[in-house]
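[1] Give me the fold of what follows.
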Amino acid sequence: MKDKKTVITYGTYDMLHKGHMRLLERSKALGDYLIVGVTDENYDRSRGKLNVVESTKKRVKAIEALDFVDKVIVETHKNQKAEDMVKYDVDIFAIGDDWVGAFDYLNEYTHVEYLPRTEGISSTKLRAENFDTIKLGIVGLGRDTQDFLDESKFVSNVKVNRIYSDDFLKVKAFTKDNNVIKYGHDNYDEFLDTTIQAVYVDTALNEHYTLIKKALQAGKHVLCENPLALNKKELKELLSLAKKEKKLLLSAVKTAFLPAFNQLLKEIDRGVIGEIKEVRATRTSLYKEKAYSDSFIKQGATNILSSYPSLLVNKVLGKTKNITFFDQIEDGYDINNLIITKHKKGALGISNVAVGMKSEGDAVISGTKGYIYIPAPWWLTKTFEVRFEDSHKTLSFNYEVEGSGLRYMLAEFTSLIQRGKRQSKMLTPSDMVGINRVLLEYNESKNSKTNKNKTKKEEK
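    Numbering: from 1, shown residues only. I've put the predicted structure just below:
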């Protein structure tokens, strides 16, 4: 017969407050031994909690410091509660009464007790009282602008209310019947001279450097579609300027902020497939079939698409030692490029990008104990499998991705600004330099070839 009654409860416990404390105290009063499950930040994001301020580590430490809590665990996935009931031989599962009925299915494993919440206080309320809403303006007016606006509605700490484009007629037409954006500008200086605190830049790639530089100099935080710049000198200048102005400059590579992608990196860090020897990633798109303009497509496969494979390769393998390109040029731009990078201990990164052909958009990370397979589209990471020689040992990970995935990136961007942070752990300045190295070196090599050809013609 058990000599003590075990109680378990779960929560995010962001900005630990008296409401949390009272609920935990009531939970402990139901038994003798209290286990508290703190939700992991990736799991929180996957279930739509995008505005959590504190890291998993900080929230765990706060709960561990409570003398009436006997054990703290981290909740990482949807089915864990049932697994924990069995694992810890739980007698009572306690949860707030705002969840009444939602966990009745767990009565199969233990007794479910719904406890009254403390009225008038919540983490949501505290965040609203302690952090201002970020006013953000959009720079550029293209086919993805509406998608960004739609996604921003799911991030409660941001308000998008202005847009800039040098095409006055397009701006006027876009803002005429828009319920979100009321103010349109065709003068960039006037746009920056408003009350917006941050900008999202999505324009032609060769415009990024100038637009970002002006925004930083005007005291605005910047979220910009990658690449931030098309040569090393300009990228270094922008990162230095952001540091000098104490502003956040972040590449809008949305994959970096997805819950499943970050869980994948955690699995790799804990050595689940051993030493990594190779990373293969493909991203291709037939933009002509999507009616993209020739001017967009002629920016080339490497400039448009290489940031995503480079993100995976650099996050997994680290700093690149050297790069080899195998491109196919048509009409003056690369329609596809096979990019091979070498890393420490001889590990290889193999990236395939194309705007003039179509391939399976999956990814494989190969290690000495097994491999990880991410199905297409791997860059919108929802699921991945850890596979071994013995197929019975396969581990599957599944996360929800709401919308187009932009909301996770925007939530990280605005949360960093609110907390006074100027770097994201999910995409550090070093990461941004690493993923841009491929396209920067490719552009330099192209320019070098062009200049050599011009010189030869002049000599003739």
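[2] what's the neighbour count on L235?
    Using other CB atoms under 10 Å, L235 has 22 neighbouring residues. The way it works is simple: take the backbone N, C-alpha and C, and place the C-beta from them, glycine included.
[3] Could you look up the next helix or strand downstream of the strand or helix carrying it?
    Secondary structure from DSSP states H and E places L235 in helix 232-245. Moving toward the C-terminus from helix 232-245, the next helix or strand (DSSP H and E) is strand 249-251.
[4] Mind giving me the packing neighbours of that next one?
    Using 3 or more CB pairs under 8 Å, 6 or more residues apart in numbering; DSSP states H and E as the contact criterion, the elements in contact with strand 249-251 are strand 221-224, helix 232-245, helix 406-418, helix 429-459.
[5] Paired strands for that strand, with orientation please.
    strand 221-224 (parallel) (DSSP bridges).
[6] Average pLDDT for the partner strand, rounded please.
    Throughout strand 221-224, pLDDT has a mean value of 97.
[7] With stretch 148-168 instead?
    Averaging the model's pLDDT scores along stretch 148-168 yields 92.
[8] And for stretch 242-255?
    For stretch 242-255, the mean pLDDT works out to 96.
[9] Pull up the gap between the residue nearest the centre of the chain and R45, please.
    Closest to where the C-alpha atoms of the chain average out (CA atoms, centre = their mean) is F257, at 1.0 Å. Noted for F257: a distance of 8 Å to R45, by CB to CB, to the nearest Å.
[10] which residues are in contact with both of those two?
    Applying CB atoms under 8 Å, 6 or more residues apart in numbering, one finds that F257 and R45 are jointly contacted by Y408, A411.
[11] Spell out which strands sit alongside the helix or strand encompassing I350 in the sheet and which way each one runs.
    With secondary structure defined by DSSP H and E, I350 is part of strand 348-354. Strand partners for strand 348-354, identified by DSSP bridges, are recorded as strand 276-284 (parallel), strand 333-342 (antiparallel).
[12] deepest of these, which one?
    Most buried of these, by mean neighbour count (mean count of other CB atoms under 10 Å): strand 276-284, with a mean of 22.
[13] Show me how far that strand is from its chain's centre.
    Mean-position distance between strand 276-284 and its chain equals 19 Å (CA atoms, centre = their mean, to the nearest Å).
[14] Below-threshold pLDDT in the stretch 51-200 of the chain: ranges please.
    When the per-residue scores of the stretch 51-200 of the chain are filtered using pLDDT under 70, the ranges that remain are 122-131.
[15] Would you map the helices across it?
    Assigned helices in the stretch 51-200 of the chain, in chain order: 56-64, 80-87, 123-130, 145-152, 168-176, 188-192 (criterion: DSSP state H, counting those that start in this stretch).
[16] Can I get the fifth one as PDB, trimmed to CA atoms?
    It stands for helix 168-176. Written as PDB, here are the backbone C-alpha positions of helix 168-176 (Å, rounded to 0.1, in the frame of the first residue of the first chain):
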ATOM      1  CA  PHE A 168       1.600  55.900 -54.200                       C
ATOM      2  CA  LEU A 169      -1.400  54.400 -56.100                       C
ATOM      3  CA  LYS A 170      -0.800  50.900 -54.700                       C
ATOM      4  CA  VAL A 171      -0.600  52.300 -51.200                       C
ATOM      5  CA  LYS A 172      -3.700  54.300 -51.600                       C
ATOM      6  CA  ALA A 173      -5.600  51.300 -53.000                       C
ATOM      7  CA  PHE A 174      -4.400  49.000 -50.200                       C
ATOM      8  CA  THR A 175      -5.300  51.300 -47.300                       C
ATOM      9  CA  LYS A 176      -8.600  52.400 -48.700                       C
END
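[17] quick one, it and helix 145-152 angle?
    Interaxial angle of helix 168-176 relative to helix 145-152 (axes from the mean of the first three to the mean of the last three CA atoms, to 10 degrees): 30 degrees.
[18] Let's have the strands paired with strand 348-354 in a markdown table, adding distance to E64 and mean pLDDT.
    Shown next, in a markdown table, are these (distance: least, CB to CB, whole Å; pLDDT from 0 to 100):
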| stretch | distance to E64 | mean pLDDT |
| --- | --- | --- |
| strand 276-284 | 32 | 98 |
| strand 333-342 | 41 | 96 |
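[19] if we can go back for a sec, buried residues in the helix holding L235, which are they?
    Taking 16 or more other CB atoms under 10 Å as the neighbour-count basis, helix 232-245 is seen to contain the buried residues E234, L235, L238, L239, A242, E245.
[20] Relative to the whole chain's centre, how far out is it?
    Here helix 232-245 is found 22 Å from its chain centre; the criterion is CA atoms, centre = their mean.
[21] try stretch 90-104
    31 Å.
[22] can I get the CA coordinates of it in CSV?
    What follows is stretch 90-104, C-alpha atoms only, in CSV (Å, rounded to 0.1, in the frame of the first residue of the first chain):
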residue,chain,number,x,y,z
VAL,A,90,-0.2,9.7,-9.6
ASP,A,91,-3.3,9.7,-7.4
ILE,A,92,-4.7,13.1,-8.3
PHE,A,93,-4.3,15.4,-11.3
ALA,A,94,-5.1,19.0,-10.2
ILE,A,95,-5.8,21.8,-12.7
GLY,A,96,-7.5,25.2,-12.7
ASP,A,97,-11.3,25.3,-13.2
ASP,A,98,-11.0,27.3,-16.4
TRP,A,99,-10.2,23.9,-17.9
VAL,A,100,-13.3,22.1,-16.6
GLY,A,101,-14.1,19.1,-18.7
ALA,A,102,-11.0,19.4,-20.9
PHE,A,103,-9.1,16.8,-19.0
ASP,A,104,-11.9,14.4,-18.1
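[23] related to what we said a few turns ago, packing partners for the helix holding L235?
    Judged by 3+ CB pairs under 8 Å, 6+ apart, helix 232-245 is in contact with helix 208-217, strand 249-251, helix 429-459.
[24] How about residues contacting the helix or strand where D327 lies?
    Secondary structure assignment for D327, by DSSP H and E: strand 322-330. Outside of strand 322-330, the residues within contact range by CB under 8 Å, 6+ apart are 301-302, 334-342, 356, 437-438, 441-442, 445.
[25] so F257 sits right up against R407, yeah?
    No: here F257 lies out of contact with R407, judged by CB atoms under 8 Å, at a distance of 9.1 Å.
[26] pLDDT weak spots in the stretch 351-460 of the chain?
    Within the stretch 351-460 of the chain, the segments meeting pLDDT under 70 span 448-460.
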